[in-house]
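In: Using only what follows, build the 3D model:
(chains A and B)
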Number of protein chains: 2
Amino acid sequence: MKSKAVVLVSGGLDSTTMLAIAQQQEFDVYGLTFHYGQRHDGEIAAARRVAEAFQLTTHIVVDIDLRSMGGSALTDDIDVPKNNSADEIGSEIPVTYVPARNTIFLSFALAWAEVLQCNDIFIGVNALDYSGYPDCRPEYIAAFQEMANRATKRTVEGQPLTIHTPLIHWSKSKIIQRGLECGVDYGMTTSCYDPSATGLACGHCDACLLRIKGFTENGMTDPAQYVN
Amino acid sequence: MKSKAVVLVSGGLDSTTMLAIAQQQEFDVYGLTFHYGQRHDGEIAAARRVAEAFQLTTHIVVDIDLRSMGGSALTDDIDVPKNNSADEIGSEIPVTYVPARNTIFLSFALAWAEVLQCNDIFIGVNALDYSGYPDCRPEYIAAFQEMANRATKRTVEGQPLTIHTPLIHWSKSKIIQRGLECGVDYGMTTSCYDPSATGLACGHCDACLLRIKGFTENGMTDPAQYVN
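Out: Take a look at the predicted model:
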């Protein structure tokens, strides 16, 4: 029987690639998506498309209420920055940073892993393209794993948890290359921080710029739908 | 100006005592309560009474969806155990254990602390009366603090976070004694895992038994309302 793994699925390019990798490693994937007061619901729709395309037996969308705390352009009414240069992207912690987001996400994954009796969690963090986010760095992930292994009945009773971050040191270009090798259709994914009302990507926020560059470096056009 | 502190407020005896201690230590308390699919809403009502009695400027109730993951008598349809002996209570991890609950609670507290620009979180864990819960032990709290200090923009930029657990080594009897010294009215708190439809405590679950014993040891009758 395959081992179970909880995989954080956002509907974006990175987590979709990671899901393909987890399935290649013969894990039975349990998809976990969060609805956290994002300004648009396109991410949730993309996550559901991805879960269906990969034929996950179980995919849950957990509602969490980050908006009541505020503090981010992704959940508050702060403008998403546009047309940053490659030097500007990742040079400092961006306003799109959501306080403690990965800690909250991983905490729910830890809870579900215990209920599922599972020892593996996958999260698509990337320290290279998003160096501005402290909770995307290897030392953060190591500290979370250490804490998790003191936190639950299962982990303290001899079933330690491993947090897998296969993309953590990869460039966007390499992530896309690896996903294409796994047959990922990136047309079903969405990365934009500020999509149009009909769900088209803006093409100018940091997430769009990094993604477009990654496809260009693979000699391809991004199959996502853009406004212009 | 007083320093801010995020204090986890459950409406129970322990967190109410801790709130009194935090105010005595001159913290400006920001109360954080979770609505997490508890089987009864009496806890939330008690938390609101406590927040009002202590005149907190800010008290938020955050909705989280633990029920979708299952795995506990407090969120699932598993029977709450009754009339355990003193030896049985705490001898093993009880079915009322909620997977990764304190990790999830502290993760939200961490997020809010960053938004509030605050360096202190109080959580009313107790390693003595609840030795069965792995996430109530000092080594768990230390590991969470370590992780938190690598997790957020604020903590990595030279404003480390401290997690205060003033009750961690105290007996229930000592917690009550200390709260009475601070003038806490325990009549407004609720601890029962399985209250009646009208909100009366059952008097027989582990939480009730520990609480009643604590008041008896202080030569008092518990001012909470019991079914019989």
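
In: in chain A, which spans are helices?
Out: Counting by DSSP state H, the segments of chain A that form helices are A:13-24, A:42-53, A:101-116, A:138-148, A:153-156, A:172-181, A:206-217.

In: Could you identify which of these is most buried?
Out: The highest mean neighbour count among the helices of chain A, using mean count of other CB atoms under 10 Å in any protein chain shown, belongs to helix A:101-116: a mean of 25. Just so you know, the C-beta spots here come from the backbone N, C-alpha and C atoms, and that holds for glycine as well.

In: Summarise which helices and strands that one is packed against.
Out: Contact partners of helix A:101-116 among helices and strands, from 3 or more CB pairs under 8 Å, 6 or more residues apart in numbering or on different chains; DSSP states H and E: strand A:3-8, strand A:27-35, strand A:120-122, helix A:138-148, helix A:153-156, helix B:101-116.

In: Can you say which of the ones you listed is nearest to B:Gly183?
Out: With CB to CB, the closest approach to B:Gly183 among these belongs to helix B:101-116: 25.6 Å.

In: pLDDT on the closest one, on average?
Out: Averaged over helix B:101-116, pLDDT sits at 94.

In: Please report how far A:Val184 lies from A:Met18.
Out: Distance, A:Val184 to A:Met18, using CB to CB, to the nearest Å: 10 Å.

In: out of the helices and strands packed on helix A:101-116, nearest to A:Cys192?
Out: Once these are compared by CB to CB, strand A:27-35 is nearest, at 16.9 Å.

In: For the closest one, name the packing helices and strands.
Out: strand A:3-8, helix A:13-24, helix A:42-53, strand A:58-63, helix A:101-116.

In: if you set the cut-off to 10 Å instead, what comes out?
Out: For strand A:27-35, the elements it packs on are strand A:3-8, helix A:13-24, helix A:42-53, strand A:58-63, helix A:101-116, strand A:120-122, judged by 3 or more CB pairs under 10 Å, 6 or more residues apart in numbering or on different chains; DSSP states H and E.

In: Paired strands for it, with orientation please.
Out: Looking at strand A:27-35 with DSSP bridges, its partner strands are strand A:3-8 (parallel), strand A:58-63 (parallel).

In: contact partners of the last one?
Out: Right, the one you point to is strand A:58-63. Contact partners of strand A:58-63, identified using CB atoms under 10 Å, 6 or more residues apart in numbering or on different chains, comprise A:4, A:6-7, A:9, A:28-37, A:44, A:47-48, A:50-52, A:105, A:108-109, A:111-112, A:116, B:63-69.

In: ok, now with 7 Å
Out: A:Val9, A:Tyr30, A:Gly31, A:Leu32, A:Thr33, A:Phe34, A:His35, A:Ile44, A:Ala51, A:Phe108, B:Asp65, B:Ser68 (CB atoms under 7 Å, 6 or more residues apart in numbering or on different chains).

In: now the angle between helix A:101-116 and that strand, please.
Out: Using axes from the mean of the first three to the mean of the last three CA atoms, to 10 degrees, the direction of strand A:58-63 lies 130 degrees away from that of helix A:101-116.

In: by how many degrees do strand A:58-63 and helix A:42-53 diverge?
Out: Using the same axes, to 10 degrees: strand A:58-63 against helix A:42-53 is 170 degrees.

In: buried ones in strand A:58-63?
Out: Buried residues in strand A:58-63, counting neighbours by 16 or more other CB atoms under 10 Å in any protein chain shown, are found at A:His59, A:Ile60, A:Val61, A:Val62.

In: The helices of chain A: which one's closest to A:His164?
Out: Among the helices of chain A, helix A:13-24 comes nearest to A:His164, with 7.4 Å by CB to CB.

In: pLDDT of that closest one, averaged?
Out: 97.

In: what's the angle from that helix to strand A:27-35?
Out: 160 degrees.

In: what distance separates helix A:13-24 from the centre of its chain?
Out: 10 Å (CA atoms, centre = their mean, to the nearest Å).
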